[in-house]
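**Student:** output the structure for:
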Amino acid sequence: MFQSATKKIVSEIDPDGYTLFPVKSPYHSQNCKQLHLLIKKKKSFFSRRESYVPTPFTLKDILIDGQDLDFGSSSSIIACYSEAFSTSVSAQVGVDSGHVDVGGHISGSSSKAMSCVEMRKHTISERTLLDVVKDGKVNRQHRFVKEMKNNMVYVILDVIETEQACSVNNSAKAETGMQFLMKLLKMEAELSASRERKLTFPAGTSIAYKVSEMMISSSDTLELDWVKSFSRSARVTTFDRKEPLAASLAELTEMCADKKPLFLNVIFEILRHSDSLVVLDELLDPIMNDLQPDFQVLDQTEEDNRVCVEKMLDLLGIRKEIPPGEPLALTAESEGIIRAINILIQSLSEMDAETLILLASSVKAEITSKQLQLVTIIDDKWSGGIQYLRAFKEGEEDPEKVLITQLTDEEFEITQHMLEEFGFQLDRESASLLRIKDRKQQDIIALFAAVYALNALCD
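**Tutor:** Sure thing, here's the model as predicted:
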């Protein structure tokens, strides 16, 4: 809920997304302050921007005699923001096919309200930074510097904070039921979730920050990286991104049949407690960089979210009792599964809570395979790369039209609601996929990864 709120605020005050990074968790707020240092993460499949992890270390800490330096910060009120939002979706599923009767109901609703948020911006100019550190020397023996993989230093100069306490109220409810009757066999499965959440931001909570990149020179002084390109976050990817994603998620397809339901059940819990996604991403991402995760984040996590996270860690064979500094004892198979689950968690983190409800409903309605084919078509047509108009041979049917035609009215409604978040809609009359006019398109690749992974676990 915290990340959803900060992302929404940042999208309003920095719509182009070139300058500000939203704070992901209240746990990070204390380290997202001016002069705090960041660790640059490997770029995610789902982000065209850089990503950083805040640390408790500051620029002053790594400079010899840095504690005596005055960087001269300025501050000003920049904006007020408030929001009220509600949505609902419902569907009935009924199919009679010979000896098999399938019936189901899917419904979901959510509402969100954010009190007026008055924000203050604290700024240190890059010119001031240069003037202050021009004679300073970096302490090469400092713990942070010794663990750096290169000579690049990432430091927070600008921070946007709440001026006064504010709150976010979020309620979500989802119900999904499927009943299968096959001759004398009867199986029933139910998913029900109801959540009423209220989160209060105290005054001084960091909402977003701006990053400056510096280089440690051969003489151990700091210099700004003037070569960085502001256009890189907007560059277009022209290669097929689905192939490497599918390869990384292949471990879920090959997972033994008795494990898949266990993972799927925990993922359903995570979909109902979306705040756990931030915590899981925080714990799994260091493992991908051969680092031990910081299990202290669990101590700052609410009970429901913590339980979800711990269940997933247990399934992945990650024990929080491992002494600090010791490497995780992982097999090649477990590393592959962790990598696949990490990608799934990252993809789900890109989505709204309403979409997570629809994903859970889609799994229960057994339509993820159809949705995967539709999302693949969308990415092929509108990914930003070269588009090819395929000519169909006589008698050959357009797979896009075939898929949409095969969707029942209820399946169509569920899929339609899901695609709307990403700026697309299904047209029933023409059996085609369309872009929504005057709507900013979100990258569909995150939905591809989520549906691919969930479909793999359902096989």
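
**Student:** quick one: residues contacting residue 363.
**Tutor:** 264, 268, 454, 458 (CB atoms under 8 Å, 6 or more residues apart in numbering). In short, each C-beta sits where N, CA and C put it, glycine included.

**Student:** tell me the pLDDT at it?
**Tutor:** pLDDT, residue 363: 90.

**Student:** how much space separates the spatially most central residue of the chain from residue 78?
**Tutor:** What sits nearest the mean C-alpha location of the chain, by CA atoms, centre = their mean, is residue 349, with 2.3 Å. Look at residue 349 and residue 78: by CB to CB, to the nearest Å, they are 26 Å apart.

**Student:** equivalent analysis for residue 254, please.
**Tutor:** Taken as CB to CB, the span from residue 254 to residue 78 is 50 Å.

**Student:** same check on residue 211?
**Tutor:** Distance, residue 211 to residue 78, using CB to CB: 18 Å.

**Student:** surely residue 155 is in a strand?
**Tutor:** Yes. Looking at residue 155 with DSSP: H, G, I helix; E, B strand; the rest coil, it is inside a strand.

**Student:** make sure it is actually in contact with residue 37.
**Tutor:** Yes. If you go by CB atoms under 8 Å, residue 155 and residue 37 touch, sitting 5.7 Å apart.

**Student:** quick one: residue 209 is in a strand?
**Tutor:** Yes. According to three-state DSSP, the state of residue 209 is that of a strand.

**Student:** that one bridge partners, please.
**Tutor:** Listed by DSSP bridges, the beta-bridge partners for residue 209 are residue 21, residue 159.

**Student:** report the contact partners of it.
**Tutor:** Applying CB under 8 Å, 6+ apart, the residues contacting residue 209 are 20, 21, 23, 32, 156, 158, 159, 160.

**Student:** residue 34 belongs to a strand, doesn't it?
**Tutor:** No. Applying three-state DSSP, one finds residue 34 to be coil, outside a strand.

**Student:** next up, the contacts around it.
**Tutor:** Neighbours of residue 34 in contact, by CB under 8 Å, 6+ apart: 71, 73, 122, 124, 156, 157, 158, 159.

**Student:** can you do 6 Å?
**Tutor:** 73, 122, 124, 156, 159 (CB atoms under 6 Å, 6 or more residues apart in numbering).

**Student:** my guess is residue 338 contacts residue 316. True?
**Tutor:** Yes. Using CB atoms under 6 Å, residue 338 is in contact with residue 316, at 5.3 Å.

**Student:** pull out the buried residues from the contacts of residue 34.
**Tutor:** Among the contacts of residue 34, the ones that count as buried by 16 or more other CB atoms under 10 Å are 122, 124, 156, 159.

**Student:** reformat those as JSON lines; add distance to residue 224 and pLDDT.
**Tutor:** Formatted as JSON lines, the buried ones among the contacts of residue 34 follow (distance: CB to CB, whole Å; pLDDT from 0 to 100):
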{"residue": "122", "distance to residue 224": "19", "pLDDT": "91"}
{"residue": "124", "distance to residue 224": "12", "pLDDT": "90"}
{"residue": "156", "distance to residue 224": "14", "pLDDT": "94"}
{"residue": "159", "distance to residue 224": "19", "pLDDT": "92"}
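
**Student:** distance to residue 283 for those - can I get that in a markdown table?
**Tutor:** Output for those, formatted as a markdown table (distance: CB to CB, whole Å):
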| residue | distance to residue 283 |
| --- | --- |
| 122 | 30 |
| 124 | 32 |
| 156 | 23 |
| 159 | 25 |
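
**Student:** nearest to residue 222 among those residues?
**Tutor:** Among the buried ones among the contacts of residue 34, residue 124 lies closest to residue 222 (CB to CB), at 13.6 Å.

**Student:** my guess is that closest one contacts residue 73. True?
**Tutor:** Yes. Shown here, residue 124 and residue 73 form a contact pair, counting by CB under 6 Å, at 5.2 Å.

**Student:** still on that earlier bit, residue 211 and residue 78: which has the busier surroundings?
**Tutor:** Neighbours per residue (other CB atoms under 10 Å) separate residue 211 from residue 78, with residue 211 holding more: 17 against 13.

**Student:** could I get the pLDDT score of the more buried one?
**Tutor:** Residue 211 is given a pLDDT of 92.

**Student:** so what's it closest to, chain neighbours aside?
**Tutor:** Spatial nearest neighbour of residue 211, chain neighbours left out: residue 154 (5.5 Å); criterion: CB to CB, 6 or more residues apart in numbering.
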